[in-house]
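Chemist: What would the 3D arrangement of this be:
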Amino acid sequence: MRLSEIDDHNRGDHYYLTPQDECFYLLEYTSGRDFSFSQANQIISNLKKKPSERFIKGGYHYKAQVIRQASNTLREAIHPDWLQRSTLIPVPGSKCVGHLDYDDRMEQICRGIQDGLDVRNLVTQTVSTEAAHEAGINPRPTVEELIDLYQIDETLCDPAPTDIGVFDDVLTAGTHFKAMKTVLNRRFPGVRVSGFFIARRVFPTPLE
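Modeler: Down below sits the predicted model:
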């Protein structure tokens, strides 16, 4: 599996992205369809299983399998020289440390890519919120709202990154990526910030 880049042909699917944003993805997740629709939908469904459901619903073990699979796939897809020189920063989940549903799946994926990589939780979320994919008819957080919720962990800033990869599971509107990029660029001016996603969100065609 190879990484594809967001470009002029598909950038319009992701409202907040501009030509200046460098983002890559592995799969296409179809919105409004369940896990049985495609391999990508099954992978994302397993990734998003809540920690609180571990002992309530069956199939939670699939989450660990998908995390390992994602790490292995990214190891093969990303150039090793970039991995060695860059800082990998997972997008924080919607729940803070200590919450029953705190989920460090993206950190696990980053750390599983290869031993010895520079993986840092440089950005944390200060308040637990509703997960964007569970918002339903409620408004999803804006870039500005996420910027207000995000905080740089100053204890992890030394040495300063020279190239940053922001890692998340699904690229939808690009809200979380833009908020992360803004916060990181304010703290580390001039440092390139790229986005890496397990999947990008697409919409079903009338026949699907």
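
Chemist: give me the beta-bridge partners of the nearest residue to residue 118 once chain neighbours are set aside?
Modeler: Excluding its sequence neighbours, the residue lying closest to residue 118 (Cβ to Cβ, 6 or more residues apart in numbering) is residue 87, at 4.7 Å. All C-beta spots, glycine's among them, are computed from the backbone N, C-alpha and C. With DSSP bridges applied, residue 87 shows beta-bridge pairing to residue 118, residue 164.

Chemist: Run a quick neighbour tally on residue 87.
Modeler: 23 (other Cβ atoms under 10 Å).

Chemist: Contacts made by stretch 115-126 with the rest, please.
Modeler: Residues external to stretch 115-126 that are found in contact with it (Cβ atoms under 8 Å, 6 or more residues apart in numbering): 83-84, 86-94, 96-97, 107, 110-111, 149-153, 156-157, 161, 180, 183-184.

Chemist: Mind checking which of those land in strands?
Modeler: Judged by DSSP state E, strands contain the following of these: 87, 88, 89, 90, 150, 151, 152.

Chemist: Select only the buried ones of the residues you listed in PyMOL?
Modeler: Those of the ones in strands among the contacts of stretch 115-126 that count as buried under 16 or more other Cβ atoms under 10 Å are selected in PyMOL with:
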select buried, resi 87+88+89+90+150
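
Chemist: Can you tell me which of the ones in strands among the contacts of stretch 115-126 is closest to residue 130?
Modeler: Taking Cβ to Cβ as the measure, residue 130 sits nearest to residue 150 out of the ones in strands among the contacts of stretch 115-126, at 16.2 Å.

Chemist: Spit out the contact partners of the nearest residue to residue 34 once chain neighbours are set aside.
Modeler: Computed as Cβ to Cβ, 6+ apart, the closest residue to residue 34 that is not its neighbour in sequence is residue 41, at 6.7 Å. Counting by Cβ under 8 Å, 6+ apart, residue 41 touches 29, 30, 33, 34, 35.

Chemist: returning to that earlier point: what's the farthest-apart pair in the ones in strands among the contacts of stretch 115-126?
Modeler: Across the ones in strands among the contacts of stretch 115-126, no pair lies farther apart than 88 and 151, at 18.7 Å, counting by Cβ to Cβ.

Chemist: So which bits of stretch 62-70 are buried?
Modeler: By 16+ other Cβ under 10 Å, the buried positions in stretch 62-70 come out as 62, 63, 66, 67, 69, 70.

Chemist: returning to that earlier point: just the buried ones from the contacts of residue 41?
Modeler: 29, 30, 35.

Chemist: so of the residues you listed, which ones are in strands?
Modeler: 29, 30.

Chemist: Any chance of CSV for the buried ones among the contacts of residue 41, columns distance to residue 119?
Modeler: Converted to CSV, the buried ones among the contacts of residue 41 look like this (distance: Cβ to Cβ, whole Å):
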residue, distance to residue 119
29, 24
30, 30
35, 28
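
Chemist: ok, the buried ones among the contacts of residue 41 vs residue 172, which is closest?
Modeler: Out of the buried ones among the contacts of residue 41, the member with the shortest distance to residue 172 (by Cβ to Cβ) is residue 29, at 9.0 Å.

Chemist: Return the list of helices and strands in contact with the helix or strand residue 167 falls within.
Modeler: In the assignment (DSSP states H and E), residue 167 maps to strand 163-171. On a contact count with 3 or more Cβ pairs under 8 Å, 6 or more residues apart in numbering; DSSP states H and E, strand 163-171 meets strand 22-30, helix 39-47, helix 80-85, strand 87-90, helix 105-113, helix 175-187, strand 192-202.
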